[in-house]
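A.B. asks: requesting a structural model of the entry that follows:
(one chain, ligands or ions: 1)
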Amino acid sequence: MDRTVDWADGAVVIIDQVALPGRYRTCRLRTVDELVDAIRRLAVRGAPALGAAGALGVALAAFAGGDVRAEAERVAAARPTAVNLRWGVTQALGRLDAGPEAVLALGQAMLDEDERICRTASGHAAEVVLRSCARRPLRLLSHCNTGHLAAVAWGTALGVVWHLRERGLVESVLVNETRPLLQGSRLTAWELAMAGVPYRVQADGAAAFAMARGLVDCVLVGADRIAANGDVANKIGTYGLALAAAHHRVPFVVVAPESTVDESIATGAGIVIEERSATELTELHGRPVAPAGAPAFNPAFDVTPAELITAVVTEHGVLAR
Ligand SMILES: CSC[C@H]1O[C@H](OP(=O)(O)O)[C@H](O)[C@@H]1O
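C.D. replies: Residues are numbered from 1 along each chain as shown. Next up, the predicted model:
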């Protein structure tokens, strides 16, 4: 599989995640406009992937000339919750004075570094999962998509599955479909199927019942922004999963690069939550699934308090709180 985000011939090259699972294709984004549109449509998504896309977006702007900082801000602001997007832009802007090639070199180094960071963080998290769960092999629950497609390669929470599968320690994965954009059923299921890992897709609303039925040994999720106190912003539905996991004493493990920790925000209350279009809820493939013009509450993320989280694991190990 290609890298989820890459650079070739003056363009940012992405796997088009909107086309999956029906069609695997890559897109070449040659301008900041095209990159911003791809980010907003979630053609490229996932905190680590957005970090790399942000950095390479600055390279696009630097080679194009003009007001690079203004163009960089457009990239950083394309989605407000995932700190890695702005983090990647900021890292790249730090090289701007050295010229476009230096900005690109930083972005390409970030591509190389991303897989190492994800493999390391998910490796640490796999050990935390094994220490937290007695049963073997493990039955895991995944929310949203945190695999190869959410990073440049490998992934974060789903990267735990890749590590444990190599050791024969995964029985199956319950995949929350993850309404409304279905990153679970469209992307995580696709990755697990490609890897030959046993899985079942479920409605998000089935997760608590699966835990009540004793079908879940551990919940694995990613993160888009982690506050200084360990509160975690992640895909909408994560908070409810954590409440159910706490009630059923199921370990709840968050996996993310250290760059997802935002020390400037004291608690989750300070995290800006992206709200998206009502039509993501009221339409499905352009067909109405609600009354015409139905108003909607469509936050793309929620905040899980640190006290509901068994461990937040990064490439440096378990995050101290
Ligand atoms: C490995 S970070 C993935 C993270 O990003 C997802 O959000 P989105 O699909 O909107 O980019 C979700 O919160 C995942 O946990």
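A.B. asks: spell out which parts of the stretch 1-150 of the chain neighbour the ligand.
C.D. replies: For the stretch 1-150 of the chain, the residues in contact with the ligand (Cβ under 6 Å from any ligand atom) are 42, 45-48, 144, 146, 150. Any C-beta I mention is one placed from the backbone N, CA and C, and that applies to glycine too.
A.B. asks: okay, and which of the residues you listed map to helices?
C.D. replies: Residues of these located in helices (DSSP state H): 47-48.
A.B. asks: got a winner among the residues of the stretch 1-150 of the chain next to the ligand for most neighbours?
C.D. replies: Counting neighbours by other Cβ atoms under 10 Å, Thr146 leads those with 35 neighbours.
A.B. asks: thinking again about what came up before, format the residues of the stretch 1-150 of the chain next to the ligand as TSV; extra columns: pLDDT.
C.D. replies: As requested, these are exported to TSV (pLDDT from 0 to 100):
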residue	pLDDT
Leu42	98
Arg45	98
Gly46	95
Ala47	93
Pro48	95
Cys144	98
Thr146	98
Ala150	98
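A.B. asks: let me have the residues of the stretch 1-150 of the chain next to the ligand in CSV, extended by distance to Val232.
C.D. replies: Rendered in CSV, the data for these read as follows (distance: Cβ to Cβ, whole Å):
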residue, distance to Val232
Leu42, 20
Arg45, 17
Gly46, 15
Ala47, 11
Pro48, 15
Cys144, 13
Thr146, 12
Ala150, 15
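A.B. asks: pick the one among the residues of the stretch 1-150 of the chain next to the ligand closest to Ala125.
C.D. replies: Thr146 (10.6 Å; Cβ to Cβ).
A.B. asks: the closest one and Val219 touch, don't they?
C.D. replies: No. Using Cβ atoms under 8 Å, Thr146 and Val219 do not qualify as a contacting pair, with a distance of 11.6 Å.
A.B. asks: quick one, phi/psi of Val197?
C.D. replies: Here the main-chain torsion angles of Val197 (degrees, to the nearest 10) amount to phi -90, psi 130.
A.B. asks: swap that for Gly184, please
C.D. replies: Backbone torsions of Gly184, given as degrees, to the nearest 10, read phi -70, psi -60.
A.B. asks: need the contact list for it.
C.D. replies: Counting by Cβ atoms under 8 Å, 6 or more residues apart in numbering, Gly184 touches 142-145, 175-178, 201.
A.B. asks: between those residues, which is nearest Ile14?
C.D. replies: For Ile14, the closest of those turns out to be Asn145, at 14.3 Å, with distances computed as Cβ to Cβ.
A.B. asks: great, nothing more from me.
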